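Asks: generate coordinates for the sequence data below:
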Amino acid sequence: MTTREQAHARANSQRAAQYVEIWVIAQPSEIASMVQVASASGRLVYLGPPQAVGGDDTRQRRYLRLRTR
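Replies: The predicted model follows:
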């Protein structure tokens with residue numbers, strides 16, 4: 001691996017380490033509380049649209065991308 005390739009790989013891994021991507025499954029009110037705290041702290045980067053879990057379950061599934069720092 002060349003020096004240029006090593007530097008590029010290191011930079012990409014550092015950028016990837018800046019974020020955490022998670023799926024949250026909970027009641028809509030619980031997700032809203034989590035999103036409010038993440039947004040207020042400046043860590044919320046992206047919030048996916050709500051998706052129903054299915055069946056008689058009233059929970060939702062949402063994708064969150066958060067900053068680690």
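Asks: tell me the strands beside the lengthiest strand in the chain, with direction?
Replies: Longest strand in the chain, counting residues (DSSP state E): strand 57-67. Paired strands of strand 57-67, with direction, are strand 19-26 (antiparallel), strand 44-47 (antiparallel), strand 51-54 (antiparallel) (DSSP bridges).
Asks: packing partners of whichever helix or strand comes after the first one?
Replies: So the one you mean is strand 19-26. Using DSSP states H and E, the helix or strand that follows strand 19-26 in sequence is helix 28-41. Judged by 3 or more Cβ pairs under 8 Å, 6 or more residues apart in numbering; DSSP states H and E, helix 28-41 is in contact with strand 19-26, strand 44-47, strand 57-67. Heads up, the C-betas are built off the backbone N, CA and C, glycines and all.
Asks: okay if I get those as a markdown table plus mean pLDDT, mean neighbour count and distance to residue 7?
Replies: Shown next, in a markdown table, are the helices and strands packed on helix 28-41 (pLDDT from 0 to 100; neighbours: other Cβ atoms under 10 Å; distance: least, Cβ to Cβ, whole Å):
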| stretch | mean pLDDT | mean neighbour count | distance to residue 7 |
| --- | --- | --- | --- |
| strand 19-26 | 93 | 13 | 21 |
| strand 44-47 | 94 | 14 | 25 |
| strand 57-67 | 94 | 15 | 23 |
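Asks: turn those strands into TSV, columns for distance to residue 35.
Replies: What follows is these, written out as TSV (distance: least, Cβ to Cβ, whole Å):
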stretch	distance to residue 35
strand 19-26	9
strand 44-47	6
strand 57-67	7
